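In: I would like to see how this sequence folds:
(chains A and B, ligands or ions: 2)
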Amino acid sequence: MTITGEVGAGHAHRGTAAAVVARGLTKVYGQGDAAVEALRGVDVSFASGAFTAIMGPSGSGKSTLMHCLAGLDTVTHGQVHIGEVELTGLDDKRLTLLRRERIGFIFQAFNLLPTLTAEQNIRLPLEIAGRQADQVLFDRVVETVGLRDRLGHRPAELSGGQQQRVAVARALISKPRVIFADEPTGNLDSRSGAEVLSFLRTSVRELNQTIVMVTHDPVAASYADRVIFLRDGLLVSELFQPTPQSVLDTLMKLEA
Amino acid sequence: MLRTTIAGLRARKLRLLLTSLAIALGVGFIAGTFVLTDTLQSGFTEKFGAAADRIDVAVLPAPSEKDEPAFLSQAVLERIRAVGGVAEAQGLVRGTSALIGKDGKAAGDYPTSGVSVVQGPLSRTSIVSGSAPKTATQAVLDKNTAKTRGFRVGDSIAVLDQENVRHEFTLVGLFDPGLDQELAYTGAVGYVTETAREMTGQKGFREIDVAAAEGVSQEEARAAVVKAVGAGYEVKTGRQYADDMIKANGADSQFLTMGLLLFGLVAMFVAALVIYNTFNILVAQRTREMALLRCIGATRGQVFGSVVLESVVVGLLSSLLGLLIGYGMGAGAMVLLRATGTPLPEATATLTPFTVALAVAVGLLVTVGAALLPARSATRVAPIAALRTQVEEHTFRAGVVRVVLAALFLLAGAAVTGVGVSGPPGQAALVTVMVGGTLVFFGVLILGPVIVRPLGAFVGWLPGRLFGVPGRLALDNSGRNPRRSATTTVALTVGVTLMTLISVLTGTLRLTYSHKLDEQFPVDYMVQSQTRESNLPRALAEGLRTRPELTSVVALRQTDAEVGAKGEPYQTGTFTAAAGFAPAFTSGSVGALRPGTVAVADYVAKDLKVKVGDRLPVRTKKAGRVELTVVGVFDAEKTNLTEVTVPAADFDSYFGAVGDSRILVNAKEGLSSDVTRKVVEAAAQPYPTAKVASSTEIRSGFDEALDMSVMIITGLLGLAVLISLLGIANTLSLSVHERTRESALLRALGLTRSQLRAMLSVEALILGLIGALVGVVLGITFGWAAARTATSDVVFTVPVPQVLAFVALSGLAGVLAAVLPARKAARASVVDALAAG
Ligand SMILES: Nc1ncnc2c1ncn2[C@@H]1O[C@H](COP(=O)(O)OP(=O)(O)OP(=O)(O)O)[C@@H](O)[C@H]1O
Ligand SMILES: [Mg+2]
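Out: Ligands and ions are numbered 1, 2, ... in the order given. Below is the predicted model:
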């Protein structure tokens, strides 16, 4: 099951083209003695319409990889493509517009603007982009995440799980090429977590959405179609059709 | 605990500086006031000290009860000169002697002073070019008058004596009037002592300076002089004399100090609001930090202490910074004043221990005082707060207590103001309105958090629409923490209110007075004598009456007379009737003014308790005591009449053929002012002291003086506005800090840097506009109320361009205040910001 070296390329599991491709990705924080190599030449691609989980021990570079892929952070070496657009070399303004058009985000915490209602939060990315929400899609997304009766509430009036579901809806509404989620269930109890994860999987199945998710939790990873493993800034392993047990086994092997 | 506080302060150096600056500016203004006045004082001390070295004894007439100046006679001077131990004695003369300008008319709005120039050891005049006058045909001019009137040493100058007779002198030198404010203002011609007395018509000397002989001390000389002149004189040693002069000037500068301190007080109040807000925000942001401290065993007292300690450090730091700023301000003001030609002594700026102590005390007290409430709320943080993950949004509910309290203040304020406005105008009414205004202001202050959101929605409607998503988010953010927004904007409101009030008040009074006069008799030209003491010959008005270009010419004459049972002095006069001149009477009528009657101004009627039909005794010069029947009472503000007015024929028989004090001229409709002005000026040309002014000139002269004072007041209030802007910048930068993650989220969702900047700028704009709006409403209301207390029949006007400028500037300034916080927010890396707790 363990494949070392270049993984993922050509293994598009679902759909046809790769939504995100990274080549020779290197990220160095700091300079001189204080320099930390967070990523040390990562080659990876994420198939369109697939749900991929990124796993690895703490400090292995998961968040860094995700930030670089999403154009939130600059890379030291290497290239990142989202669809046909190359991210590396874009200035801040273009990156921002690219995020606006093609990328959705779900964070572990503080996902929502406290001043806006759930509905306003969901529509926010479209408004920023100056686009009209597709009402059919909006209804479908709201239905999918089960928030119909909560739309007028502000984040402070929602539970943690509900807040995350609003964040999922927000990420889905603009039909981005890819959604990045950094430990979206990290702060939730297992039941709320399971809800959010099944919504993510449903959206992949039904809306053909591409999702890349960082997680620590083998159960969460098992919702994905594929799991890739990082260690010390290197891609070291991957699993298809994971189960909690197979993920756990791979992790044990990695830490050994 | 101390170490934690210090470490916290050091970690937030920049924020500390910004906070300190607000207090520092206020303290700086107060310290600057004292630096300025202390410097002036020490300059005067030095200058007068120098005079004391030369004069050993000064003899002055004993201060008299009456307004008229007392004099020292030639005989007294001779007696002093004869005293053993006196080396020299000189009498000083000062009066008026109008210099004739090159156009043949008396120069300037006021007659130039005429002074004696003494030479030798007692000389106090500094000749800057040429020489002092030595003969009766020589004179010197002060250098400023020489420059503005275009006279040079060697020229011939003409001066009028008290009978308006022209005398020619050779200009032999120029002198510097030094610190003498009066001479610097009127300009002065200097003569040898005898000529000075003749030209000014003075009955004697204002002062006699004495130089003691070699070896005679000031005290000995003084004793000898006292013995020689006897009682009824004030005899001082040179040192005493200098000390008294210094004291007199000190009283002047004390007035200046009080005036400036009033503005300093406003500035400090605004600074206190800023500090209060800053500490409130800091405490709110550090809830978790404080909770953690409480968790690990810090007592409430310790938490309280740590916040108070922080304010002590901030207060000390700002006071010291303020001292520095104040020193700069004081020195700068000296340079500025000197540049505008104010006679000031040369002196380097002084910083007295008193100033230092006061600055530190004020800075410290205000800062710590403003931080006490926030410190108390810090003690309320429960240890459990440390365990909550997400900082709660500050929900705000308009409490019943708040609304009731605000309503009480507002109602009381409105009631008090109403009482002030509805009563008769006067000092008491003004004070009442001021009290009412203060109550209303506190009502608004308390109500602030309740009204800030609707107001924000109102002023933010347009920006929210114009700027799309950033605009709408900004609108939300501005009302997010109403208490914070309210305190931030109220600080700005203070300055804007006062500025608007001043501009509305002056605009309204200006319009009201000109309306009142126009209503009465729209004067086109006014001819007046330059000297108040001497009048215009009646021939001038008669000449004017013959001109067909002029429709009516009214001559006013006046003198002082003792009026009423107690014989109090009142201006008593008359007017020559003319077409269209119909003074409005509040009771009786001008037509009833027949021989043996009198009309009085409303306040005179009140003072003397007379009404139409009563008898009023008047002591006259020629006809003795006469009993006159009161036939009319008029509104003094609406007419040009003297306060006690008798018929023209009666006036002559009571007081003789007194000249005209003022001539009011109306030109025929439709003639160009070029033509009519030439006519009036030609008629006045033979009379050098007759000054012609058109009504627009009179008004613009008045307007200029008013505009100047409005500008100065606005400038001084500008400081309060500047401090409140620091408050906006401070609040915003703290909010930016608080919303780091939120900004990062927005950036991740696709908000560009410039959109993020726009969002913060619009938020600041909204805050600025709220502050300005409230200020403008309060300012206009109380400007009107204050005008009502100054006079009756107010013609209300709002100087719209000025008020709009205040609003626009407040908005703009708010945006300016947002520049730095917005830059900081836009620069932050998204990833770092997301990582921030
Ligand atoms: N801004 C930064 N400056 C310096 N080093 C950094 C920075 N951010 C991350 N690192 C380092 O880069 C490495 C990878 O960090 P990263 O946050 O990607 O790990 P992670 O896999 O997400 O860990 P975790 O599971 O704990 O979230 C770590 O060694 C970390 O210390
Ligand atoms: Mg991470």
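In: near ligand 1, which residues of chain A show up?
Out: Residues of chain A lying near ligand 1 by CB under 6 Å from any ligand atom: A:29-30, A:36, A:38, A:56, A:58-64. (Each C-beta comes from the backbone N, C-alpha and C, glycine too.)
In: Just name the closest of these to B:Gly95, please.
Out: Of all those, A:Gly30 has the smallest distance to B:Gly95: 85.6 Å, by CB to CB.
In: hang on, the earlier thing: looking at the residues of chain A next to ligand 1, which is nearest B:Gly322?
Out: A:Gly30 (41.3 Å).
In: about what we covered before: state the pair within the residues of chain A next to ligand 1 that is farthest apart.
Out: Maximum pairwise distance among those (CB to CB): 20.9 Å, between A:Gly30 and A:Gly56.
In: Tell me which of those two has more neighbours.
Out: Legend: neighbour count by other CB atoms under 10 Å in any protein chain shown for A:Gly30 and A:Gly56, higher for A:Gly56 (25 against 10).
In: Quickly find the element holding the residue found closest to that one once you drop the neighbours it is linked to in the chain.
Out: Closest residue to A:Gly56 apart from its sequence neighbours, by CB to CB, 6 or more residues apart in numbering or on different chains: A:Leu230 at 3.5 Å. Assigned by DSSP states H and E, A:Leu230 belongs to strand A:226-231.
In: one step back: among the residues of chain A next to ligand 1, which ones are buried?
Out: Buried residues within the residues of chain A next to ligand 1, counting neighbours by 16 or more other CB atoms under 10 Å in any protein chain shown: A:38, A:56, A:60-64.
In: would JSON lines of those with pLDDT and secondary structure be doable?
Out: What follows is these, written out as JSON lines (pLDDT from 0 to 100; DSSP: H, G, I helix; E, B strand; the rest coil):
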{"residue": "A:Ala38", "pLDDT": "91", "secondary structure": "strand"}
{"residue": "A:Gly56", "pLDDT": "90", "secondary structure": "coil"}
{"residue": "A:Ser60", "pLDDT": "90", "secondary structure": "coil"}
{"residue": "A:Gly61", "pLDDT": "91", "secondary structure": "coil"}
{"residue": "A:Lys62", "pLDDT": "91", "secondary structure": "helix"}
{"residue": "A:Ser63", "pLDDT": "89", "secondary structure": "helix"}
{"residue": "A:Thr64", "pLDDT": "90", "secondary structure": "helix"}
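In: what's the residue positioned nearest the centre of chain B in contact with, if anything?
Out: Central residue of chain B (CA atoms, centre = their mean): B:Ser709, 5.7 Å from the mean position. By CB atoms under 8 Å, 6 or more residues apart in numbering or on different chains, the contact set of B:Ser709 is empty.
In: Can you list phi and psi of it for me?
Out: Backbone geometry at B:Ser709, expressed as degrees, to the nearest 10, gives phi -70, psi -40.
In: ditto for B:Ala106
Out: phi -60, psi 140.
In: Quick check: pLDDT value at the nearest residue to it once chain neighbours are set aside.
Out: Excluding its sequence neighbours, the residue lying closest to B:Ala106 (CB to CB, 6+ apart) is B:Ala98, at 4.2 Å. For B:Ala98, the pLDDT comes out at 85.
In: what about the closest residue to chain B within the stretch 51-200 of chain A, how many neighbours?
Out: For the stretch 51-200 of chain A, the residue closest to chain B is A:Arg100, as judged by CB to the nearest CB, at 2.7 Å. A count of nearby residues for A:Arg100, using other CB under 10 Å, gives 21.
In: Next up, the contacts around residue 209.
Out: In the absence of a named chain, this looks at chain A. By CB under 8 Å, 6+ apart, the neighbours of A:Gln209 are A:49, A:172, A:175-176, A:179, A:203.
In: nope, chain B
Out: B:55, B:57-59, B:89-90, B:92, B:118, B:122, B:124.
In: which helix of the chain spans the most residues?
Out: By default, I'm working from chain A. The longest helix of chain A (DSSP state H) is helix A:190-207.
In: Hmm, no, I was thinking of chain B.
Out: Taking DSSP H as the assignment, the helix of chain B that covers the most residues is helix B:238-285.
In: how near is B:Glu220 to B:Leu72?
Out: 21 Å (CB to CB, to the nearest Å).
In: Mind checking which of these two has more residues around it?
Out: B:Leu72 (21 against 16).
In: nearest residue to that one other than its sequence neighbours?
Out: Nearest-residue entry for B:Leu72: B:Phe205, 4.4 Å, with adjacent residues in sequence omitted and distances by CB to CB, 6+ apart.
In: now B:Ser311
Out: B:Ser311 sits nearest to B:Ala371 (CB to CB, 6+ apart), 3.4 Å away.
In: Tell me the predicted confidence for the one you found.
Out: So B:Ala371 comes in at 87 (pLDDT).
In: can you state the direction angle for the helix or strand where it lies and helix B:238-285?
Out: Assigned by DSSP H and E, B:Ala371 belongs to helix B:353-379. Note on geometry: by axes from the mean of the first three to the mean of the last three CA atoms, to 10 degrees, helix B:353-379 and helix B:238-285 are set 20 degrees apart in direction.
In: And helix B:353-379, what does it pack against?
Out: Judged by 3 or more CB pairs under 8 Å, 6 or more residues apart in numbering or on different chains; DSSP states H and E, the packing partners of helix B:353-379 are helix B:13-54, helix B:238-285, helix B:300-339.
In: could you measure the residue sitting nearest the centre point of chain A against A:Leu97, distance?
Out: Centroid-nearest residue in chain A: A:Phe180, 2.1 Å away (criterion: CA atoms, centre = their mean). Taking CB to CB as the measure, A:Phe180 falls 17 Å from A:Leu97.
In: Check B:Val598 too.
Out: 89 Å.
In: More neighbours: which of those two?
Out: Taking neighbours as other CB under 10 Å, B:Val598 and A:Leu97 compare with B:Val598 leading, 25 against 14.
In: Please name the spatially closest residue to that one (chain neighbours excluded).
Out: Spatial nearest neighbour of B:Val598, excluding adjacent residues (CB to CB, 6+ apart): B:Leu628 at 4.0 Å.
In: how close does that neighbour get to B:Leu608?
Out: B:Leu628 is 12 Å from B:Leu608, by CB to CB.
In: which of these two has more neighbours?
Out: Using other CB under 10 Å as the criterion, B:Leu628 and B:Leu608 rank with B:Leu628 on top: 23 against 20.
In: Restrict the helix or strand containing that one to CA atoms and write it as CSV.
Out: If you go by DSSP H and E, B:Leu628 is part of strand B:625-634. The C-alpha coordinates for strand B:625-634 follow below in CSV (Å, rounded to 0.1, in the frame of the first residue of the first chain):
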residue,chain,number,x,y,z
ARG,B,625,-30.5,122.6,36.2
VAL,B,626,-33.5,122.0,33.9
GLU,B,627,-36.5,119.7,34.4
LEU,B,628,-37.4,117.9,31.2
THR,B,629,-40.4,115.9,30.3
VAL,B,630,-39.7,112.4,29.0
VAL,B,631,-41.5,112.0,25.8
GLY,B,632,-39.9,108.8,24.4
VAL,B,633,-37.9,105.7,25.1
PHE,B,634,-35.9,104.1,22.3
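In: Each with direction, which strands does the helix or strand just after it pair with?
Out: Per DSSP H and E, the first helix or strand lying C-terminal to strand B:625-634 is strand B:644-645. For strand B:644-645, the paired strands and their directions (DSSP bridges) read strand B:568-575 (parallel), strand B:597-601 (antiparallel).
In: ok, residues contacting strand B:644-645?
Out: By CB under 8 Å, 6+ apart, the residues outside strand B:644-645 that reach it are B:561, B:563, B:570-575, B:593, B:598-601, B:604, B:618, B:634.
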